[in-house]
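Enquirer: what's the 3D shape of this:
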Amino acid sequence: MRRRGASRLALAALLGVNLVLPTRPEPVVAAGFVEAYPVTAAAMRAAGPPYAGWAADGRRFLTFDPRGDGRAVEVLGDLAGADRIAVLVPGVGTTLTDFDRGLGGVARRAPSAQAGQLYRELRAADPAARVAVLAWLGYDPPDGVVTAASGASARRGAAGLAALLR
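Expert: Numbers count the residues shown, from 1 in each chain. Down below sits the predicted model:
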């Protein structure tokens, strides 16, 4: 009887430090802004289409994780030298699959297209401005309106965005 209790305690300790059941690895992200771009580009090339094409086109990402619904943080402009940074946060139903094509295949609903439009408008309003725009799909948006009503996804997303902005 004593041996069984010790075994359970040992198993609990192993589970507690993730030696038996490892946790999901963190998305690919580097410590600095500029340093992140080649790291994420390599991960995107390894993930294959369409992400490899995004990297080949010279797009810059701070974060990329194709698992599950996916995560990505695209940078438009010079983030390291920006005086002003705008962050576009997509909402209900958005996944990495929709990042370029848009919800329901409607391109104007794509976070990358919306961030691009915002960046162009900011530059047109003040061509000398040092601005950057982030298309931040750094969280798991709610799958529907009912899920969104709870606010849990928004709170988790807010915590992740706050960490990035720090």
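Enquirer: going by C-alpha atoms from here, please, whenever you check contacts or count neighbours.
Expert: Will do.
Enquirer: show me what contacts the residue nearest in space to the middle of the chain?
Expert: Centroid check for the chain by CA atoms, centre = their mean gives residue 138 as the closest residue, at 2.7 Å. Residue 138 makes contact with 63, 71, 72, 73, 157, 160, 161 under the criterion CA atoms under 8 Å, 6 or more residues apart in numbering.
Enquirer: tell me where this structure has strands.
Expert: 28-29, 60-65, 71-77, 84-88, 131-137 (DSSP state E).
Enquirer: got the ones you listed as JSON lines, with distance to residue 122 and mean neighbour count columns?
Expert: Output for the strands of the chain, formatted as JSON lines (distance: least, CA to CA, whole Å; neighbours: other CA atoms under 10 Å):
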{"stretch": "strand 28-29", "distance to residue 122": "27", "mean neighbour count": "20"}
{"stretch": "strand 60-65", "distance to residue 122": "19", "mean neighbour count": "24"}
{"stretch": "strand 71-77", "distance to residue 122": "11", "mean neighbour count": "23"}
{"stretch": "strand 84-88", "distance to residue 122": "10", "mean neighbour count": "16"}
{"stretch": "strand 131-137", "distance to residue 122": "7", "mean neighbour count": "24"}
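Enquirer: can I get the ones you listed in a markdown table with distance to residue 44 and mean pLDDT?
Expert: As requested, the strands of the chain are exported to a markdown table (distance: least, CA to CA, whole Å; pLDDT from 0 to 100):
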| stretch | distance to residue 44 | mean pLDDT |
| --- | --- | --- |
| strand 28-29 | 10 | 44 |
| strand 60-65 | 7 | 94 |
| strand 71-77 | 10 | 95 |
| strand 84-88 | 21 | 94 |
| strand 131-137 | 15 | 95 |
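Enquirer: next, format those strands as JSON lines and append distance to residue 119.
Expert: Shown next, in JSON lines, are those (distance: least, CA to CA, whole Å):
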{"stretch": "strand 28-29", "distance to residue 119": "23"}
{"stretch": "strand 60-65", "distance to residue 119": "14"}
{"stretch": "strand 71-77", "distance to residue 119": "7"}
{"stretch": "strand 84-88", "distance to residue 119": "9"}
{"stretch": "strand 131-137", "distance to residue 119": "6"}
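Enquirer: among those, which comes closest to residue 41?
Expert: Proximity to residue 41 (CA to CA) singles out strand 60-65 among these, at 7.3 Å.
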